[in-house]
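Colleague: this one's structure only:
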């Protein structure tokens, strides 16, 4: 059995950084990471652009100007203005070269074909210069930038609709247990509804990882071996829920041994989630997660998350940790690391009720985990504790 810190370092050392790049249409690339730096193919804006509705003027000594026309966004006619002339101009419209400044329409008085300026005239006011946001050839976005709605909008404004992105991992989730049945079916005595696979699926979807296949097997050794073997061939990462302990009908660990999976660790000195397995076969990483739902989810965010971030080539692979003031007390009986479901807000953190590894209800109001290392078994009110912020 190893420590939490040793388990984390083992995963970091053995996780694979993906080098496969694929092209994606920008509108379907949400959540992907850019595989390369993107350079601006154009200036943005590509022309002098009005930042206001108002009047563009060619400055002279008087306050009155003769209006010679109008320009709205999308107009292509390029007016030439003489000194003392003005052009009505709308937001986003191209500003002619002869226009020295744009006066907000609220600061003007219009009479027939003339406009009187009611403010101090300042050159180049309310005009967005060519390349104000970015100039052609400059880096628009760096490699590993995560694509989100703002990125999509920015790249489309540069005329880019296809990008190279880092391929997301393919994930296999294997759910084990004779007692598990699908929701919607009537429960018989001794049965429970299966939730772990859909819980892990939701956690992956929350991270924008959608290439996921769920496998369900009963407590049968042959089926366990064949399903795990197939999942290892088909996926980059395999998550096995349950069956990893040493019970009479827990076949996962034996199956992993017979499949010659390279065991990197088995069992971690922690609560909950002690019976955690991590190994590799070829390039596929395998996690044997506890069957208890809360323990499985805690192990996902404490360990599987690291592997997923490493796959994308990120240097920061763990969830963010902060220091917070505890508003509740807690005491652990044994010397082991503990993850506590918690709620963090404004530098303070509460220990939630129902910390049992099988209980998910308190997890539904949790946004963080309090982490106590094995050499600390007690929290007193107003103590400073380490808090892991969950990504939801």
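Modeller: Right, received. Where do you want to start? This structure is a prediction, so every number in the text was calculated from the model and none was measured.
Colleague: dump the residue contacts of residue 363.
Modeller: Taking CB atoms under 8 Å, 6 or more residues apart in numbering as the criterion, residue 363 is in contact with 294, 297, 341. C-beta: built from backbone N, CA, C; applies to glycine.
Colleague: The lowest-mean-pLDDT helix or strand in the chain pairs with which strands, and in what direction?
Modeller: When the helices and strands of the chain are scored by mean pLDDT, DSSP states H and E, strand 180-181 comes last with a mean of 84. Sheet pairing here is set by DSSP bridges, and for strand 180-181 it gives strand 192-193 (parallel).
Colleague: model confidence over the strand it pairs with, on average?
Modeller: For strand 192-193, the mean pLDDT works out to 87.
Colleague: related to what we said a few turns ago, and the contacts of the least confident helix or strand of the chain?
Modeller: With CB under 8 Å, 6+ apart, strand 180-181 has contacts from 187, 191-194, 216.
Colleague: Which member of the residues you listed is positioned nearest residue 354?
Modeller: Distance to residue 354, by CB to CB, is smallest for residue 192 among those, at 17.2 Å.
Colleague: can you tell me how far that closest one sits from residue 183?
Modeller: Per CB to CB, to the nearest Å, residue 192 is found 10 Å from residue 183.
Colleague: does residue 178 count as helix, strand or coil?
Modeller: coil (DSSP: H, G, I helix; E, B strand; the rest coil).
Colleague: can you give me phi and psi for it?
Modeller: The phi/psi pair for residue 178 (degrees, to the nearest 10) reads phi -70, psi -30.
Colleague: Can you give me the neighbour number for it?
Modeller: Residue 178 has 12 neighbours, counted by other CB atoms under 10 Å.
Colleague: How confident is the prediction for it, by pLDDT?
Modeller: 83.
Colleague: wait, doesn't it sit right on residue 219?
Modeller: Yes. Contact status for residue 178 versus residue 219: in contact at 4.8 Å, counting by CB atoms under 8 Å.
Colleague: count of residues packed around the closest residue to residue 70 other than its chain neighbours?
Modeller: Excluding its sequence neighbours, the residue lying closest to residue 70 (CB to CB, 6 or more residues apart in numbering) is residue 88, at 4.2 Å. Look at residue 88: counted by other CB under 10 Å, it has 19 neighbours.
Colleague: In a helix, residue 88, correct?
Modeller: No. Residue 88 is assigned strand when assessed by three-state DSSP, not a helix.
Colleague: from memory it sits against residue 69, does it?
Modeller: Yes. The pair formed by residue 88 and residue 69 meets the contact definition of CB under 8 Å, at 7.2 Å.
Colleague: ok, residue 232 to residue 255 distance?
Modeller: Going from residue 232 to residue 255 by CB to CB gives 11 Å.
Colleague: Next: residue 308.
Modeller: Using CB to CB, residue 308 is found at 24 Å from residue 255.
Colleague: Might you report the residue contacts of residue 183?
Modeller: Here residue 183 is in contact with 193-194 (CB under 8 Å, 6+ apart).
Colleague: Check it and give its pLDDT.
Modeller: According to the prediction, residue 183 has pLDDT 85.
Colleague: Next, work out how far apart it and residue 296 are.
Modeller: Taken as CB to CB, the span from residue 183 to residue 296 is 17 Å.
Colleague: repeat for residue 66
Modeller: 76 Å.
Colleague: where does the stretch 101-250 of the chain have low pLDDT?
Modeller: Scanning the stretch 101-250 of the chain for pLDDT under 70 picks out 247, 249.
Colleague: 80 - rerun?
Modeller: Where the stretch 101-250 of the chain drops to pLDDT under 80, the residues are 245-250.
Colleague: Now do the strands in it.
Modeller: Secondary structure of the stretch 101-250 of the chain (DSSP state E, counting those that start in this stretch): strands at 101-104, 108-111, 114-117, 127-128, 139-141, 162-166, 171-176, 180-181, 192-193, 212-217, 237-241.
Colleague: Mind checking the ones you listed for the one nearest to residue 353?
Modeller: Short answer: strand 192-193, nearest of these by CB to CB, at 21.7 Å.
Colleague: what about the strands in the stretch 251-392 of the chain?
Modeller: Under the criterion DSSP E, counting those that start in this stretch, strands of the stretch 251-392 of the chain are mapped to 262-266, 270-271, 277-281, 284-289, 321-326, 330-331, 337-345, 348-351, 368-372, 378-379, 384-389.
Colleague: how far is the second one from where the chain is centred?
Modeller: Averaged C-alpha coordinates place strand 270-271 at 27 Å from its chain's average position (CA atoms, centre = their mean, to the nearest Å).
Colleague: Listing partners with orientation, what would you give for that strand?
Modeller: Strand 270-271 has the following sheet partners, assigned by DSSP bridges: strand 337-345 (parallel).
Colleague: Please name the bridge partners of residue 277.
Modeller: As for beta bridges, residue 277 partners with residue 266, residue 288 under DSSP bridges.
Colleague: And for it, the neighbour number?
Modeller: Residues near residue 277, counting by other CB under 10 Å, number 21.
Colleague: again with residue 324
Modeller: 22.
Colleague: Would you mind splitting this protein into its domains for me?
Modeller: 4-19+168-311, 22-43+132-166, 49-128, 321-389 (automatic domain parsing).
Colleague: Looking at these, which one is packed in the most?
Modeller: Highest mean neighbour count among those (mean count of other CB atoms under 10 Å): domain 4-19+168-311, with a mean of 19.
Colleague: Touching, residue 161 and residue 25? I think so.
Modeller: Yes. The pair residue 161 and residue 25 passes the contact test of CB under 8 Å, sitting 6.5 Å apart.
Colleague: residues touching residue 72, list them.
Modeller: 89-90, 93 are the contacts of residue 72 under CB under 8 Å, 6+ apart.
Colleague: Please report the distance of it from residue 50.
Modeller: Distance from residue 72 to residue 50, by CB to CB: 10 Å.
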